[in-house]
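1. Turn this into a model:
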Amino acid sequence: MTRLFAIGVLLGVSVVTATPATSEGSDWADALFAQHEHDFGPVPRGAKVHHPFVLKNRTNEVISILNVRASCGCTSGETDTKVLKPGETAVVQAEMDTRNFVGRKETVLFVSMITATGREGEARLGVASTILSDIVLNPGSMDFGVVARGQTPSQVLSVERVGAPNWRAVRMVSSCRAINANLVESFRNAGNVTYTLHVSLKPDAPVGTVRDEIRILTNDPETASIPIPITATIQGDLAASPNPLSLGRVTSTDGAQGHFAIRASKPFVIQAIEGASDGFKMTEPDGSKRVLHVVTVTYKPEEGTSRGDVRKTFRIHTDLPGEGPLEVTATLHVDP
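-> Numbers count the residues shown, from 1 in each chain. Have a look, this model is predicted:
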């Protein structure tokens, strides 16, 4: 018989964790991370699981993150910023893809960085999981990509349990307020059980990035909680082009300049622009109200302290009701 579970928005979700093998980082770079390892615990085959490692610049100089690489193709990492001033933080998001492995899996993320004075270092972040062969997710996560605000796309995911006819999903929990979801028991026989998860974005989901999860709670103590990652980027009426903006390659004697076209469906005023620093400057708002604004960004290397690949994010505030700040990003390579 088909059974339907409506999603509840609950807080305090528990996470199954254990301790993977210790990974030693290198000197000062390793000390920037308060946490150096994470174990996802038992994970269904096919799942894509994520964990944020927080890096804080505890030095007295600017740090540039040069690269994030993994010891295994099943694991990847990315950071939300490349340049950190003293006291600033960044998140290194680790992702483990379990489609091609079964059993215990331990990998390492290597985070390479350099200070403004040329001191190089590399931190090591250990990531581990136990990939189950009898629980399979297809697909392993739900990524809605870029969605215009007000749209309600939906996706479907199946959860299959092999060799456990009495296995059941008890309920779902999530703190994500941007989604609607339900879980249907779609198949059961003497050996296998399949549930189908339907997820859609709410029409009033706020503008910004959604990076959350649904947890399916089961009657099996060994796999009591199954995480389903949910990701989306919800865009409002306000948009920028190009974004990101590439300023190319800059030498120590040359500057760079580029332009953002900021558009909306109705006239608006740019009230303020945040983020101009470390060699970057933006056009000052002129107070005019129109549907298209051209914002100029300039970079002067003699006023900046970072070298190598540089990524700078700005926040543009407008008078459009219901629109949060628009984030635009400029990238360039600064030669020594």
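2. Which stretches in the stretch 1-150 of the chain count as strands?
-> Applying DSSP state E, counting those that start in this stretch to the stretch 1-150 of the chain gives strands spanning 4-6, 8-9, 37-45, 48-56, 63-70, 75-79, 83-84, 89-97, 103-115, 120-138, 142-148.
3. So for the last one, mean pLDDT?
-> Put plainly, it is strand 142-148. Looking at strand 142-148 alone, the average pLDDT works out to 89.
4. The third one now?
-> Model confidence over strand 37-45 averages 90 on the pLDDT scale.
5. next one: that strand to chain centre, how far?
-> How far strand 37-45 lies from its chain's middle: 18 Å, per CA atoms, centre = their mean, to the nearest Å.
6. now swap in stretch 245-255 and tell me
-> With CA atoms, centre = their mean, you get 28 Å for stretch 245-255.
7. in that stretch, what counts as buried?
-> Within stretch 245-255, the residues scored as buried using 16 or more other CB atoms under 10 Å are 245, 247, 250. Every residue, glycine included, has its C-beta placed from N, CA and C.
8. Now do that stretch: everything it contacts.
-> Stretch 245-255 has contacts (CB atoms under 8 Å, 6 or more residues apart in numbering) with 256-260, 297-302, 328-336.
9. Adding distance to residue 177, write the strands of the stretch 1-150 of the chain out as a markdown table.
-> Formatted as a markdown table, the strands of the stretch 1-150 of the chain follow (distance: least, CB to CB, whole Å):
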| stretch | distance to residue 177 |
| --- | --- |
| strand 4-6 | 15 |
| strand 8-9 | 6 |
| strand 37-45 | 24 |
| strand 48-56 | 19 |
| strand 63-70 | 30 |
| strand 75-79 | 25 |
| strand 83-84 | 30 |
| strand 89-97 | 21 |
| strand 103-115 | 30 |
| strand 120-138 | 23 |
| strand 142-148 | 15 |
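10. got JSON lines for the ones you listed, with mean neighbour count and distance to residue 270 too?
-> Shown next, in JSON lines, are the strands of the stretch 1-150 of the chain (neighbours: other CB atoms under 10 Å; distance: least, CB to CB, whole Å):
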{"stretch": "strand 4-6", "mean neighbour count": "12", "distance to residue 270": "43"}
{"stretch": "strand 8-9", "mean neighbour count": "10", "distance to residue 270": "35"}
{"stretch": "strand 37-45", "mean neighbour count": "21", "distance to residue 270": "41"}
{"stretch": "strand 48-56", "mean neighbour count": "19", "distance to residue 270": "32"}
{"stretch": "strand 63-70", "mean neighbour count": "18", "distance to residue 270": "29"}
{"stretch": "strand 75-79", "mean neighbour count": "17", "distance to residue 270": "28"}
{"stretch": "strand 83-84", "mean neighbour count": "22", "distance to residue 270": "24"}
{"stretch": "strand 89-97", "mean neighbour count": "18", "distance to residue 270": "27"}
{"stretch": "strand 103-115", "mean neighbour count": "19", "distance to residue 270": "34"}
{"stretch": "strand 120-138", "mean neighbour count": "20", "distance to residue 270": "39"}
{"stretch": "strand 142-148", "mean neighbour count": "14", "distance to residue 270": "21"}
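11. Return the distance of the residue nearest to residue 81 when sequence neighbours are not counted relative to residue 158.
-> With CB to CB, 6 or more residues apart in numbering as the measure, residue 90 is the residue that lies nearest to residue 81, at 4.6 Å, once sequence neighbours are left out. To residue 158, residue 90 is 35 Å away according to CB to CB, to the nearest Å.
12. do the same with residue 128
-> 26 Å.
13. Select from the buried residues of stretch 245-255 every entry located in helices.
-> Among the buried residues of stretch 245-255, no member falls in helices (DSSP state H).
14. Return the list of strands paired to the strand or helix carrying residue 264, each annotated with direction.
-> Assigned by DSSP states H and E, residue 264 falls within strand 256-274. The pairing partners recorded for strand 256-274 under DSSP bridges are strand 239-241 (antiparallel), strand 289-299 (antiparallel), strand 308-318 (antiparallel).
15. CA atoms only: put the second one into CSV for me.
-> This means strand 289-299. What follows is strand 289-299 as a C-alpha-only set of coordinates in CSV (Å, rounded to 0.1, in the frame of the first residue of the first chain):
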residue,chain,number,x,y,z
LYS,A,289,16.3,56.0,-11.3
ARG,A,290,16.4,53.8,-14.4
VAL,A,291,16.1,50.2,-15.6
LEU,A,292,19.7,49.9,-16.6
HIS,A,293,22.8,51.1,-14.7
VAL,A,294,26.4,50.6,-15.9
VAL,A,295,28.7,50.2,-13.0
THR,A,296,32.5,50.5,-13.6
VAL,A,297,35.0,48.6,-11.6
THR,A,298,38.7,49.5,-11.7
TYR,A,299,41.7,47.8,-10.1
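16. Now residue 281. Nearest residue, chain neighbours left out?
-> That would be residue 298: by CB to CB, 6+ apart, it lies 5.0 Å from residue 281.
17. how many other residues sit next to the one you found?
-> 16 (other CB atoms under 10 Å).
18. and residue 161, what is it in contact with?
-> Contact partners of residue 161, counting by CB under 8 Å, 6+ apart, are 134-135, 167, 192-194.
19. No more questions from me, cheers.
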